[in-house]
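Undergrad: what follows is a predicted structure for the sequence shown.
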Amino acid sequence: MLRPKILGLFRLFRFELPFTAGVCVILGELLALGALPTTTEIVLGFLSIFFISATALILNDYFDLEIDRINAPERPLPAGLVTEQEVVLLSIVVAILGLITSYLISLEALLVAILVWAVGLLYNWRFKKAGLIGNLMVSFSVGMTFIFGGIAVNKPFEIIVWFFAVIVMLVDLGEEIAADAMDIEGDSQAGSHSLALELGREKALKISGAVFLLVVFASSLPFFLGWLERIYLFPILLIDIVILYSTGKLLDSKTANRRIYIRWIYLTGLIAFIIFIIIRMVK
C-alpha cells in the first residue's frame, strides 16, 4: 500500500513542468551574468522555483478534484491513491522547501518566491476559469522565472533580463489566449470564461495576434534605445519572422490544425533565446 501512495504523491508534481520552470531560472541567470553562474547559484535558483512551481501543480489536483473525477479519473486523487489531506500537506511541505531555498539566496528572492506562490494559489483557487485574468496570472508567473534568475545572481535590475521577462510574458499571454481558442469546446464544458467563450474563437485569436504583434514591436526597442548591439539581431529577427508567419496562420480560419503554430512560436522562441544567451556569453 505504501508504494502506490508514494508513486501517487510523486505524480502530483508533474515533474516536466517545474523542471522547465527551474531551467528558465538558470537561463535568466545566464542572461543576467553573460557568464556561467556558480554551482550554488544554479542549484538554489533551480530548486527554489522548482518547488514553488510544483506547489501550484499539486494544488491544481486538489482544486480540480471534481473535474478530474470525470475527465481524469486516473489522477492520484480521484483514483484514491492519496487523500485530500495528504495533497494539502504535501503542498505545504513543498512550498516551505521553496521558500527556504529562496531565502538562502536573498531576502529579495524570498519575496519574489512568496509572490509567485501566492499567484499560483489564487489562480488555482479562484481565477483558473476567469479568462483573461487567469491568462495574465500564468504569463506573469512564467516571466517572473527569468527575473528570479537575475535576483539569484545578485543582478535584480539587469535591464536585459527585465526586457526578456516582459517579452516572455507577452508571448506566453498570446499563447494562452490562442490555446484557449483551440480548446473552446472543453473550456465550455468546464465552465470557463475564456476570451474565446466570451467573444468567440476568431475574436480571441485576433486578440492573441495583437499580443504577438506587440511582441514584434517591443523586440525592436532595445536596438533603437541602444540597449543591444546589432550582433543580437539574428535571434530577434528569427523569432519575429516566425511570430509574424504563425500569427497570419492563426488568424486564417482556413488553416488546418492552427494549434501547431502556437508550438512553432514557443519552440522558435526557446531556440532564439538560447542563441541570444550564447552570443552574450562569447561576445
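TA: Received it, and whenever you're ready, just let me know what you need.
Undergrad: drop to CA atoms for contacts and neighbour counts, all remaining ones
TA: Noted.
Undergrad: using CSV, list the CA coordinates for stretch 271-283.
TA: Taking Å, rounded to 0.1, in the frame of the first residue of the first chain, the C-alpha atoms of stretch 271-283 are listed here in CSV:
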residue,chain,number,x,y,z
ILE,A,271,15.9,28.5,-29.7
ALA,A,272,16.2,32.2,-30.3
PHE,A,273,16.6,32.8,-26.6
ILE,A,274,19.4,30.2,-26.3
ILE,A,275,21.2,31.7,-29.3
PHE,A,276,20.9,35.1,-27.7
ILE,A,277,22.5,33.8,-24.5
ILE,A,278,25.3,32.1,-26.3
ILE,A,279,26.1,35.3,-28.2
ARG,A,280,26.1,37.2,-24.9
MET,A,281,28.4,34.7,-23.3
VAL,A,282,31.0,34.5,-26.1
LYS,A,283,30.9,38.1,-27.2
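Undergrad: quick check: buried residues in it?
TA: Judged by neighbour count (16 or more other Cα atoms under 10 Å), stretch 271-283 contains these buried residues: 272-277, 280.
Undergrad: pLDDT below threshold where in this structure?
TA: In the predicted model of the chain, residues 1, 187 satisfy pLDDT under 70.
Undergrad: and whichever helix or strand residue 181 is part of, which residues are buried?
TA: Element membership of residue 181 [criterion: DSSP states H and E] is helix 159-182. Across helix 159-182, burial judged by 16+ other Cα under 10 Å covers 160-182.
Undergrad: tell me what whichever helix or strand comes after that helix is packed against?
TA: Of the helices and strands lying after helix 159-182 in sequence (DSSP H and E), the nearest is helix 184-190. On a contact count with 3 or more Cα pairs under 8 Å, 6 or more residues apart in numbering; DSSP states H and E, helix 184-190 meets helix 195-199.
Undergrad: contact partners of the helix it packs on?
TA: 131-132, 177, 180-181, 184, 187-188, 201-205 (Cα atoms under 8 Å, 6 or more residues apart in numbering).
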